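Q: Show me how the following folds:
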Amino acid sequence: MFLPRYLLTESRLAGSSVYKSRLPWVYDSTVIHHPLFGGGGTARCAPRRRRLSVATLNTSGPHIAEPKGPRKDRTHWLYIGVIIAVVGGIALGLIAPEVAAPISVVGKMFVKLIRMIIAPVIFCTIVLGIGSVRAAASVGKTGGIALSYFIFMSTLALATGLLVGNIIEPGSGLNIAATADKGAEYAAKADEASQAGLTDFISDIIPDTVFSAFTSGSVLQVLFIALLTGFAVQSMGTRGEPILAGIAHLQRLTFKVLTMILWIAPIGAFGAIAGVVGKTGTFDATRARKVLSGELPYVDTGGDHNVDLKKPEVVNPATESLQPTPQVDLSAYEGDAAAK
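A: Numbers count the residues shown, from 1 in each chain. Okay, here's the model as predicted:
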């Protein structure tokens, strides 16, 4: 069996070095081989209790190299890749919109991958966080702090969104005819949700089955199952440690999958941006950038969402204003002129 130096603890005994293995599965009478050790490179463990083995090794040979340091963080390459992908998606959408529009499915696939991994991440994190705490009072204190932080940050985010939306009014003047029906649909759903009441909202937190919480896509249902599991494991005491160990392995697996998904984020960003720019067109994309950056004022259409801003003739060239120019129907006059 090969054991590197950093897996052994060294102590001095009778003029020689005594090593105790740090590996719990190295038992009595285990032979340790390594070509860099002197004395033939072989040492037999001295009689000790199970799970503790001591080897008297000759240290006259060269020392084994220490393990290398931690791997370098390469996350900055991911950020650079996302920026390059966004620029490339905008360029493709402006140059070849007929090619860029179908690529939007790549962005949708990436979003689905992220949504797929959310439930396991929440479940494993909550169960490990609660199950590893021995005292239930500590869990309540930590949970209260986390809940207060969540409420404060959510309120701050909502207030910031309302303030920025009312002052800057982003998206005003854009062509929203294609999405006007969807907005009405979402408004109807919001009215239905407000009429449902608090009791229906609370009852929907409880899933029909344990597994339906992970398949329905409801984060609150997954959180509810995770809380129940965490407190149940905590109440089991030492008997719940194998369960926590298994969930810890599942968490490492989940985060490994999440890391793999995040490394393809540039591909998802490229597809999403290219699809949006390809569908909206060159005029809308350029105009949206100028409106959002404050270079151009927004258009007040008076509630008429059917104004097509893709056509340059909608903008009055005489006044250089972005107000829509009334379109005069001359068909009747042309008919009278033809009759004469």
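Q: Mind listing what's buried along stretch 89-109?
A: Buried residues in stretch 89-109, defined by neighbour count with 16 or more other CB atoms under 10 Å: 89-90, 92-94, 97, 100-101, 103-104, 106-107. C-beta: built from backbone N, CA, C; applies to glycine.
Q: Next one: Gly161 from Ile167, what distance?
A: 11 Å (CB to CB, to the nearest Å).
Q: Could you list the low-confidence segments of the stretch 101-250 of the chain?
A: With pLDDT under 70 as the threshold, the stretch 101-250 of the chain has low-confidence stretches at 134-139, 171-184, 186-187, 189-197.
Q: if you set the cut-off to 50 instead, what comes out?
A: Along the stretch 101-250 of the chain, the model assigns pLDDT under 50 to no residue.
Q: ok, which stretches of the protein are strands?
A: For the chain, the strands defined by DSSP state E cover 8-13, 16-21, 31-33, 42-46, 54-57, 315-316, 321-324.
Q: hang on, the earlier thing: ok, which pair from the buried residues of stretch 89-109 is furthest apart?
A: Pairwise distances across the buried residues of stretch 89-109 peak at 17.8 Å for Leu94 and Val106 (criterion: CB to CB).
Q: top helix in the chain by residue count?
A: Longest helix in the chain by number of residues (criterion: DSSP state H): helix 136-168.
Q: name the helices or strands packed onto that one?
A: Counting contacts by 3 or more CB pairs under 8 Å, 6 or more residues apart in numbering; DSSP states H and E, the secondary-structure elements packed against helix 136-168 are helix 219-236.
Q: try 10 Å this time
A: Helices and strands in packing contact with helix 136-168 are listed as helix 104-131, helix 219-236; criterion 3 or more CB pairs under 10 Å, 6 or more residues apart in numbering; DSSP states H and E.
Q: Same list, the ones you listed, but as TSV with distance to Ile84 please.
A: Putting the helices and strands packed on helix 136-168 into TSV (distance: least, CB to CB, whole Å) gives the following:
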stretch	distance to Ile84
helix 104-131	15
helix 219-236	32
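Q: leaving aside the residues next to it on the chain, what's closest to Val277?
A: Using CB to CB, 6 or more residues apart in numbering and skipping residues adjacent in sequence, the residue nearest Val277 is Gly93, 2.6 Å away.
Q: For Thr155, which residues are in contact?
A: Residues in contact with Thr155, defined by CB atoms under 10 Å, 6 or more residues apart in numbering, are absent; none qualify.
Q: What's the separation between it and Tyr149?
A: With the distance defined as CB to CB, Thr155 ends up 11 Å from Tyr149.
Q: Go ahead and confirm Ser212 touches Ala119.
A: No - the criterion here is CB atoms under 10 Å, and Ser212 misses it with Ala119 at 11.3 Å.
Q: what about these two, which has more around it?
A: Ala119 (22 against 12; other CB atoms under 10 Å).
Q: Ala226 and Ala213 touch, don't they?
A: Yes - taking CB under 10 Å as the definition, Ala226 is a contact partner of Ala213 at 9.0 Å.
Q: Find residues that contact each of the two.
A: Contacts common to Ala226 and Ala213, judged by CB under 10 Å, 6+ apart, are 119, 123.
Q: about what we covered before: now for Ser212 and Ala119: what residues contact both?
A: 218, 221, 225.
Q: out of those residues, who has the most neighbours?
A: When these are compared by neighbour count (other CB under 10 Å), Ile225 ends up highest, at 23 neighbours.
Q: Would you mind listing the residues in contact with the closest residue in space to it that isn't next to it in sequence?
A: Across the structure, with CB to CB, 6+ apart as the measure, the residue nearest Ile225 apart from its sequence neighbours is Ala213 (5.0 Å). By CB under 10 Å, 6+ apart, the residues touching Ala213 are 119, 123, 205-207, 219-226.
Q: In space, what's closest to Gly217 - neighbours in sequence excluded?
A: If the residues on either side of it in the chain are set aside, Gly217 comes closest to Arg115, at 6.7 Å by CB to CB, 6+ apart.
Q: From Val86, how far off is the one you found?
A: Computed with CB to CB, the distance linking Arg115 and Val86 is 21 Å.
Q: And for Trp263?
A: For Trp263, the distance to Val86 under the criterion CB to CB works out to 16 Å.
Q: Repeat that for Ala146.
A: Distance of Ala146 to Val86, given as CB to CB: 33 Å.
Q: who's more crowded, the two?
A: Counting neighbours by other CB under 10 Å for Ala146 and for Val86 shows that Val86 has the greater number, 16 against 11.
Q: okay but the more buried one is in contact with Ile267, surely?
A: No - counting by CB under 10 Å, Ile267 is not a contact partner of Val86; they are 11.7 Å apart.
Q: Which residues are in contact with the residue nearest to Val277?
A: Taking CB under 10 Å, 6+ apart as the definition of contact, the neighbours of Gly93 are 99-101, 103-104, 273-282, 285.
Q: Apply 8 Å and report the result again.
A: 100, 273-278, 285 (CB atoms under 8 Å, 6 or more residues apart in numbering).
Q: quick one: it from Pro242, how far?
A: On the measure of CB to CB, Gly93 and Pro242 end up 53 Å apart.
Q: Many thanks, we can stop here.
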